[in-house]
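> Coordinates only, no sequence provided:
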């Protein structure tokens, strides 16, 4: 974890609550076995994908996915989803950026510029979906991988879906992904035109949790699901 990330995650009194605790550690860990069991999945198999395929290629990406999965699971439970649905959200988040393994390393960064770099980056949800579409992962998990960058107003990618046409699990993971991406030096552009929106531009140095939460609130009902946003806010404000 970089010094910038550590500074953002340790920004004084405002950084409190269960949401903060989920993201505020140096190294994420694989998730709870009971989540996989509810889905009929093998923890060993999921962790093989994450730790044997992704981590050797991009350790920071693997950690980003694990932190995002932990926060997405907490949001899903806060929203009252049952354990099966919450498990689908968790597993989808754990693998949501797997398509980034196909992006050339020099381009695999949120601050990458140029048409060629952006073309590679905005294709990663589809690449990840194609990689896993013929596996026995639940359909909902595959939809999260494909749709986690869609936005309510249609500005997301790869399909430009709007509103309730975006799967609920993907809407939850979008919020968790936003929080971790903005607090750390990971993540990809959240819209098809990432350099035209205030919430996706500018340096991340000095971004405090309260500032990022304000950006999340500003996007609630426009970019991000309002119910998932409210649940995330409760997590960050609760002891």
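Cool, got the structure. Model, not experiment: these values are computed from the prediction. Numbers count the residues shown, from 1 in each chain.
> I'd say residue 220 and residue 226 touch.
Yes. Here residue 220 reaches residue 226: they are 4.9 Å apart, a contact under CB atoms under 8 Å. C-beta: built from backbone N, CA, C; applies to glycine.
> So for these two, which sits in the more crowded spot?
Set residue 220 next to residue 226 and count neighbours by other CB atoms under 10 Å: residue 220 wins out with 18 against 14.
> show me the contacts for that one.
226, 229, 230 (CB atoms under 8 Å, 6 or more residues apart in numbering).
> Excluding sequence neighbours, find me the nearest residue to the second one.
In this structure, residue 229 finds its nearest non-sequential neighbour in residue 220, 4.1 Å apart by CB to CB, 6 or more residues apart in numbering.
> Next up, phi/psi of the one you found, please.
Note on residue 220: backbone dihedrals following degrees, to the nearest 10 are phi -60, psi 130.
> Quickly note the distance from it to residue 117.
29 Å (CB to CB, to the nearest Å).
> hang on, the earlier thing: pairing partners for the residue nearest to residue 229 in the sheet, please.
Beta-bridge pairing for residue 220 (DSSP bridges): residue 224.
> follow-up on the earlier one: from the contacts of residue 220, which single one is nearest residue 129?
residue 229 (24.8 Å; CB to CB).
> Verify the stated contact: that closest one with residue 216.
Yes. Counting by CB under 8 Å, residue 229 touches residue 216, with 5.8 Å between them.
> which of the residues in stretch 65-75 are buried?
65, 66, 67, 68, 69, 70, 71, 72, 73, 74, 75 (16 or more other CB atoms under 10 Å).
> picking that back up, neighbour count: residue 229 and residue 216, which is higher?
More neighbours surround residue 229 than the other of residue 229 and residue 216, with 24 against 21 (other CB under 10 Å).
> How about the contacts made by the more buried one?
175, 216, 217, 219, 220, 221.
> do you know how far it is from residue 85?
The separation that residue 229 has from residue 85, given CB to CB, amounts to 18 Å.
> cool, and residue 183?
26 Å.
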